[in-house]
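1. Generate a structure from the sequence data that follows.
(chains A and B)
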Amino acid sequence: MRNFTYAAPRNVAEAVRLAGQPGARFIAGGTDLLNLMRDGAQSHGAIIDINGLALGDIVQRNGVIRIGALARMSDVAAHPAVRRSLPVVSEALLNSASPQVRNMAAVGGNVLQRTRCGYFRDSGTTCNKKTPGTGCPALEGENRGHAILGGSDHCLAVHPSDLAVALLAVDAVVLTDRRRFPFADLHVVPGTTPDQETVLGHGELITGFEIPVTPLAARSRYLKLRDRATFEFAVVSVAAALAMRGNTVRDVRLTFGGVATKPWRSPEAEDALRGKPLTTTTITEAGRALVRGAVTRDHNAFKVDLVQRALDGLLRDLGGAR
Amino acid sequence: MTVGQPVERVDGRAKVTGAARYAADRTLPGMLYCHLVMGTIARGRVTAVDTTAARAVPGVVEVFTHENAPRLTSEQHFMPLQGNQIHYNGQIVAITVATTLEQAQEAAELVRVTYAPETPKAVIADALAEVYLPANQEVIVGDPAAGLAAAEVTVKQNYSSPPHHHNPIEPHATVAQWDGDRLTVHETTQGVVNAQRTFATAFAIPQTNVRVLAPYLGGGFGCKSPVWPHSLLNAAIARQLGRPAKMVLARSQMYSIVSHRAEFWQQLTLGAKRDGTLTALVHVSTQQLSRTSENMYSHSISSRMLYACPNIHTRQQGVRLDVPTSRFMRSPQMASHFGLETALDELSYELGVDPVELRRRNYTDVNPTTGERFSSRFLLECYNLGADAFGWSRRNPKPGSTKDGHEFVGWGMATEAHDHSASPSSAMVRMAADGTVLSQTATQDIGTGTYTVFTQVVAEALGVPLNQVKVELADTNFPAAALSAGSGTIASVTGAVNAAASAVRTAVVQLAVSNPASPLHGLPAEQIITQHGYLFSPDRSRRESYRAVMARHGSPVQNTSTMTNARGYSTGAVFVEVRVDPRYGRVRVTRGVGAYDAGRVMNRKTARSQMIGGFTWGIGNALMEHTVLDRRTARVVNPNLSTYLLAVNADVPDIQAIFVDKPDPVSTALGARGFGETPITGVPAAIGNAIFHATGRRIRDLPFTQDKLLRELLTQ
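-> Sure, this is the predicted structure:
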């Protein structure tokens, strides 16, 4: 770990001002950033500790649930309004990390956590995300955990956040110190600049999320498949929100983790279901639509099948398909 | 009687309160901190090391590279920093030394190394043409070809398992302090005596000039058995700079310089009669070796010792790769055992014979390789006890026959077996004038319960309460004793502890009966009963406390004894239930029962803990655990506990441990045998066998991850 300066601002304005200096980084729970720094995968000259800011509230008002960026994962998962109106958010959080990590980690940082790609986290290996232009060893290397959607010739790294997949499924809005925008716009695919993971400007601070309370979001679930029972990132995951009218799918959100370079929404898969009955045929068609653009590598082709199975299983559980 | 009881750990409180001080907790005045810089190529040489920026970090005292590092040789290991040659990825290429840890770490990040790299070979598959048979790695019993020709049924299959890393929770740490030519080292070691010898040899000083201490260890599993080059370098730096020096490894550094379990390929050929009797067992394996060593550690002992078979052929091949040297990792025989126990399951289906019954039919009291009779073997009892507790008789043998909701339910079993080491050991027991007892021996408690068991042994031999006994371990100032490896601690050292305590008892009894001031005066010494801290007459009408006898004597009574024990072989049977969700290829282990013959059980609680630990590790081994090497660079891609997956609580079901608990008559350790490495050996095969029973699909490559199971299910 390299030496750094430390500051603990008292308000958002001060935090944003401090973060404007070159090499500055916000820290909240620190459950990811500290590991990256200790492993030598990242170094930051200035650490701006935002835990003293008043951004931890979870409130429901006027049909909107607002979650402060500093709310801890465990608090959000257990909050009655979240459990009632946004079950997919609660489930995604409870399927994340461990109780100890969830007690530390803040939701604002959660959606900005860095990929678990072993090459990215190894200070002794090249990586376009870490150091642009050095090359991506995952393309021809150990890519079992890597993306089949949204990748490029520069990067295949999967975005690891479960919460982000859930927020994407419930039409969340991102609030920052300077603007608000749809959660769907927060993350970007790597393209030729895999070091750019979000649209946030340098020093821009996520202050919270707003999520509309809707019947769609209230009927939502999260399915996470992984290599051990808990405390592990997704091999594939699916968040689904489903509104039925009789036997017909009135509206649906389908978002995915573990398979893509950013939290992945599939409008094609949703279109395959919207306005149609939920049957084996339509679910299969939705799965096919999801993976139509998938690009596989040496070790991750199984995800094409597995993510469709996960979608199938979750929709049947959620919608009672015939 | 305290031996055998489920006595709680006497060191438990110190450990959970933080009072126990581990090697990394040692901080000495003037101490320097060393931090390693690890190489990033697997083969080639270092062409330049730029230490300018590192040296500019405040507090940095020195930066060592191959050009200026202390010259050292190791009898056991390739010693880095002695030249520019690179033999594996993650080799030590520099060491920064500073007055604080943070300074040393920052400097380490600033060392710039340039290389002339060559293309490495990382996996067996890339070097099949270079597979060879090292000396003394082939055993042939009887006539295997004739045995196969005589077989009515033959199973021939290939199995494979990946490299594994030990990952004890406590990282390696070493603190060295010189006083003239005398060296004291706080070392995370499974063997202080072995470490003392290694340090003395490296620095060409008398062994008595070296003191090594390791009173507490946060697990070892074999990767703390040897003294690794980094510890010798740390001590050499301390000597050269004239100040104490400390080095603690980062987790990622433990994936290249403290060994691992080798990648392992194997082919099993079993020939059998229709009734299941084995006619031939041919076991050919290939394991990874390194460029600097052809030692191999995953031995086919099970194939040579476990079952009655007149014709056995084991051939242990190796292939040199550009990876670090492998070494013992908990239960080194489990790699080959996985193949044998899976092949037997396959044979059971070929024959239509129940897997337990097949093993019963091939049971032997005699070592099939040497013809020697086992001193005691209650494996048949283990099959019966385990099967009964599990409810095995209710098993429908047809694969895929049981479904619960979405999940297929499968039951599988395997024999468990591992040999254990034994080496001559000494122990001292001293009763002080106040009647309290101290026992010292230079073996270790690596987390297994040695402190507790020896406290029980001493208390029982003397007839005093447990709280009157204090046991001290792992200091080379104590009598020399065994390495805590190869399941050998209890088997090796118990006899000496018991003998020393018994000798003290005899001496104290003699003090009482020979002294007119004692109420026991004149009684025959051999008739005295000792219990609860008292000496009693045979009819218990007269008594005197140890404390009273010792107070009158006025000085301690002490004995040091030495004992040797025989190596042994502890066996058992493990039964597991799995549930497989065919929608996702997801496997859960939902039940586990193991029954074991470990000789006499010294402490039912610590023995059960060993079993639970082994079973849990076996789940990880079966379902998730593996080291991922990038085939092009021979570099570990998952060198941390976030991506090197071990079973967590949610993966572990209720586990039942059953012990036959009959003393082995030849064991000098009060009838106990070594046991720690037995209860993991069969678990991966038992889980694979249960998956087959659940689904009718066989996976022969560990671990059984979702992608592999899905592939099998899709080819249905």
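2. check contacts around whatever residue of the stretch 1-150 of chain B ends up closest to chain A.
-> Closest contact between the stretch 1-150 of chain B and chain A, by Cβ to the nearest Cβ, is at B:Thr40 (3.9 Å). Heads up, the C-betas are built off the backbone N, CA and C, glycines and all. Residues in contact with B:Thr40 (Cβ atoms under 8 Å, 6 or more residues apart in numbering or on different chains) are A:Gly124, A:Thr125, B:Asn89, B:Val113, B:Tyr115, B:Arg635.
3. Quick check: bridge partners of the last one?
-> When bridges are called by DSSP bridges, B:Arg635 pairs up with B:Asp630.
4. surely it meets B:Asn89?
-> Yes. Assessed by Cβ atoms under 8 Å, B:Arg635 is found in contact with B:Asn89 at 4.1 Å.
5. Skipping adjacent residues, who's closest to B:Gln510 in space?
-> Among residues not flanking B:Gln510 along the chain, B:Ala525 sits closest, at 5.6 Å (Cβ to Cβ, 6 or more residues apart in numbering or on different chains).
6. again, but for B:Pro324
-> B:Tyr88 (4.5 Å).
7. And that neighbour, which helix or strand is it part of?
-> According to DSSP states H and E, B:Tyr88 maps onto no helix or strand at all.
8. can you tell me how far it sits from B:Arg291?
-> 8 Å (Cβ to Cβ, to the nearest Å).
9. which residues are in contact with both of those two?
-> B:Arg43, B:Asp322.
10. Those two - which one has more neighbours?
-> B:Tyr88 (25 against 20; other Cβ atoms under 10 Å in any protein chain shown).
11. and chain A, which residues reach chain B?
-> Within chain A, the positions near chain B by Cβ under 8 Å from any Cβ of the partner chain are A:1-3, A:35, A:38-40, A:43, A:98, A:116, A:118-119, A:121-125, A:137, A:140-142, A:144, A:225, A:227-232, A:235, A:302, A:305-306, A:309-310, A:312-313.
12. mind listing which of these are in helices?
-> A:Asn35, A:Arg38, A:Phe302, A:Asp305, A:Leu306, A:Arg309, A:Ala310, A:Asp312, A:Gly313 (DSSP state H).
13. Weed out the non-buried ones from those.
-> A:Asn35, A:Phe302, A:Asp305, A:Leu306, A:Arg309, A:Ala310, A:Asp312, A:Gly313 (16 or more other Cβ atoms under 10 Å in any protein chain shown).
14. Excluding chain neighbours, give the residue nearest to the second one in space.
-> Residue nearest to A:Phe302 in three dimensions, not counting chain neighbours: B:Asp707, with 3.9 Å by Cβ to Cβ, 6+ apart.
15. can I assume that neighbour is in contact with A:Leu225?
-> No. If you go by Cβ under 8 Å, B:Asp707 and A:Leu225 don't touch, sitting 10.7 Å apart.
16. where do the contact lists of these two overlap?
-> The contact lists of B:Asp707 and A:Leu225 share A:Leu306, where a contact means Cβ under 8 Å, 6+ apart.
17. more neighbours, these two?
-> Taking other Cβ under 10 Å, B:Asp707 and A:Leu225 do not tie; A:Leu225 has more neighbours (23 against 19).
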